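Asks: Below: sequence and its predicted model.
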Amino acid sequence: MRSLVLFATLFLYTACHESQKQEAPTQAKTSNVILMIGDGMGLAQVHAAYTANHGTLNMERAMFVGLSKTQSQNKYETDSGAGGTALSTGKKTMNNFIGIDASGQATPTILELAEKQGLSTGLVVTSEMIHATPAAFIAHVPDRYMYNEIAEHFTNSGIDIFIGGGRAYFEDSAAYNISDSLRSKSYDIVYSLDDIEPTSPNNIGCLVSDFYLPRFSEGRGDYLPLASGLAMKKLAQNKKGFFLMIEGSQIDWGGHSNDIDFVLEETLDFDKAVGAAFDFADTHPGTLVVVTADHETGGLSITDGDIESGALEVKFNDTGHTGIMVPVFAYGTGAEKFAGIYHNTEIFQKIVDLLKIND
Ligand code: MG
Ligand code: ZN
């Protein structure tokens with residue numbers, strides 16, 4: 001018994017000592033925020049990826065950890081419209097709403113507040129650019145499926161760089177060619193990561209596919225970490241700072257199809273982008289990275305596993321979203337503000353307070 005107590009004391013000492021070493025300077029100003037959303041990524045998805053990856057994840061480098069309550073204004077189980085809107089505007093709203101509050105009023109997003117204060121802004125996703133999560137940062141519509149209207153909102157957003165799928169909604173099915181309209185506003189509109197010039201003085205839109213991107217194992221490769229790196233390089237040129245949202249859009253889709261391999265490959269791919277963002281924060285003082293989810297998908301539970309072999313036994317209990325709290329992993333300048341348990345809307349509030357971009 002005594003040796004157990006001694007062991008526990010030693011362990012606690014080591015744990016505290018470790019966290020002190022990593023603590024962020026509290027006086028420094030946060031000038032860059034990278035918000036990373038793993039759509040549908042609950043703690044079980046994170047732990048399953050950790051197990052499959054033989055006991056290591058970039059997310060583990062987080063300095064401070066919190067839990068976010070995801071309920072929407074009208075549902076215990078939020079959708080990505082209301083979940084994204086809570087994160088982007090700080091308002092709980094109705095499922096399917098994008099960038100509008102529960103009464104239907106358009107409400108400013110972090111991206112818009114940042115633009116107004118002269119910061120640079122960006123969105124990087126593995127879905128279509130007009131899908132619910134990125135849409136919540138740039139559009140104000142009462143229905144997440146109003147894809148053409150959502151695409152039109154890019155025109156006057158001032159966004160400095162966006163990279164994702166969904167070219168069809170900007171060109172083929174749009175009322176007018178939105179890509180051409182963006183070009184007339186000095187955007188470089190390109191269709192491949194290779195054609196992005198992050199040091200170009202122009203704003204950049206990169207639409208890599210007609211609709212959503214292929215899943216990781218079906219040919220997308222390292223698109224997400226690469227696109228994230230290009231966006232960080234582009235946005236870092238603004239000395240005033242930037243706001244960038246990066247989404248691992250398809251973790252959710254693996255959950256909906258109760259396909260653990262799909263969930264694992266998407267979560268590990270997202271984790272690679274997390275590593276790139278944490279590395280950027282290491283070399284760019286004043287950068288905060290917040291990694292979270294809009295909700296959990298699939299009611300995933302892990303019934304057995306083996307770290308050494310990476311084997312997993314799992315059960316999905318649902319084909320939709322669940323209402324369980326989701327993790328928040330914070331790294332860099334201001335990360336300490338994200339310890340605790342709070343509503344998803346608080347994530348918006350903490351970010352705008354740190355960036356000082358409130359009206
Ligand atoms: Mg999404
Ligand atoms: Zn979903």
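Replies: Sure thing, it's come through. Ligands and ions are numbered 1, 2, ... in the order given.
Asks: So Thr85 is in contact with Thr93, correct?
Replies: Yes: contact between Thr85 and Thr93 holds when scored by C-beta atoms under 8 Å: they sit 5.0 Å apart. Where C-beta positions appear, they are placed from N, C-alpha and C, glycine not excepted.
Asks: Number of residues surrounding Asp271?
Replies: 26 (other C-beta atoms under 10 Å).
Asks: Quick check: which helices or strands does whichever strand or helix holds it pack against?
Replies: Secondary structure assignment for Asp271, by DSSP states H and E: helix 260-283. With contacts taken as 3 or more C-beta pairs under 8 Å, 6 or more residues apart in numbering; DSSP states H and E, helix 260-283 sits against strand 32-38, helix 43-52, helix 223-235, strand 242-248, helix 251-256, strand 287-292, strand 311-316, strand 326-332.
Asks: Need those in JSON lines (columns: distance to ligand 1 and mean neighbour count).
Replies: Formatted as JSON lines, the helices and strands packed on helix 260-283 follow (distance: least, C-beta to the ion, whole Å; neighbours: other C-beta atoms under 10 Å):
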{"stretch": "strand 32-38", "distance to ligand 1": "7", "mean neighbour count": "27"}
{"stretch": "helix 43-52", "distance to ligand 1": "14", "mean neighbour count": "22"}
{"stretch": "helix 223-235", "distance to ligand 1": "13", "mean neighbour count": "23"}
{"stretch": "strand 242-248", "distance to ligand 1": "6", "mean neighbour count": "28"}
{"stretch": "helix 251-256", "distance to ligand 1": "6", "mean neighbour count": "26"}
{"stretch": "strand 287-292", "distance to ligand 1": "13", "mean neighbour count": "26"}
{"stretch": "strand 311-316", "distance to ligand 1": "19", "mean neighbour count": "15"}
{"stretch": "strand 326-332", "distance to ligand 1": "13", "mean neighbour count": "24"}
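Asks: Show me the one of the ones you listed that comes nearest Gly118.
Replies: strand 242-248 (10.3 Å; C-beta to C-beta).
Asks: SS state for Leu123?
Replies: Under DSSP: H, G, I helix; E, B strand; the rest coil, the three-state class of Leu123 is strand.
Asks: ok, back up a step: quick one: common contacting residues for Thr85 and Thr93?
Replies: Ile100 (C-beta atoms under 8 Å, 6 or more residues apart in numbering).
Asks: picking up where we left off before, redo the helices and strands packed on helix 260-283 as TSV? Include mean pLDDT.
Replies: Output for the helices and strands packed on helix 260-283, formatted as TSV (pLDDT from 0 to 100):
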stretch	mean pLDDT
strand 32-38	99
helix 43-52	98
helix 223-235	98
strand 242-248	98
helix 251-256	98
strand 287-292	98
strand 311-316	98
strand 326-332	98
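Asks: re the thing from before, who has more neighbours, Thr85 and Thr93?
Replies: Thr85 (39 against 29).
Asks: which residues does that one contact?
Replies: Lys91, Thr93, Phe97, Ile98, Gly99, Ile100, Ala136.
Asks: Can you name the two of those residues that sit furthest apart?
Replies: Lys91 and Ile98 (11.7 Å).
Asks: So if I had to pick from those two, which one is more boxed in?
Replies: Each of Lys91 and Ile98 has its neighbours counted (other C-beta under 10 Å); Ile98 has more, 33 against 20.
Asks: wait, doesn't that one sit right on His140?
Replies: Yes: Ile98 is within contact range of His140, at 6.7 Å (criterion: C-beta under 8 Å).
Asks: pLDDT weak spots in the stretch 101-250 of the chain?
Replies: Along the stretch 101-250 of the chain, segments meeting pLDDT under 70 are nowhere present.
Asks: At the contact with ligand 1, which residues of it appear?
Replies: With C-beta under 5 Å from the ion as the criterion, the stretch 101-250 of the chain comes near ligand 1 at residues Thr133, Ser249.
Asks: which residues in the stretch 101-250 of the chain form strands?
Replies: 120-128, 161-165, 187-190, 203-207, 242-248 (DSSP state E, counting those that start in this stretch).
Asks: Reformat those strands as CSV; add distance to Glu346.
Replies: What follows is these, written out as CSV (distance: least, C-beta to C-beta, whole Å):
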stretch, distance to Glu346
strand 120-128, 21
strand 161-165, 26
strand 187-190, 34
strand 203-207, 31
strand 242-248, 17
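Asks: Show the contacting residues for the residue in the chain that ligand 1 sits nearest to.
Replies: Using C-beta to the ion, the closest approach of the chain to ligand 1 is made by Thr133 at 3.2 Å. Listed by C-beta under 8 Å, 6+ apart, the contact set of Thr133 reads Ile37, Asp39, Ser80, Gly83, Gly84, Val125, Ser127, Met245, Glu247, Ser249, Asp294.
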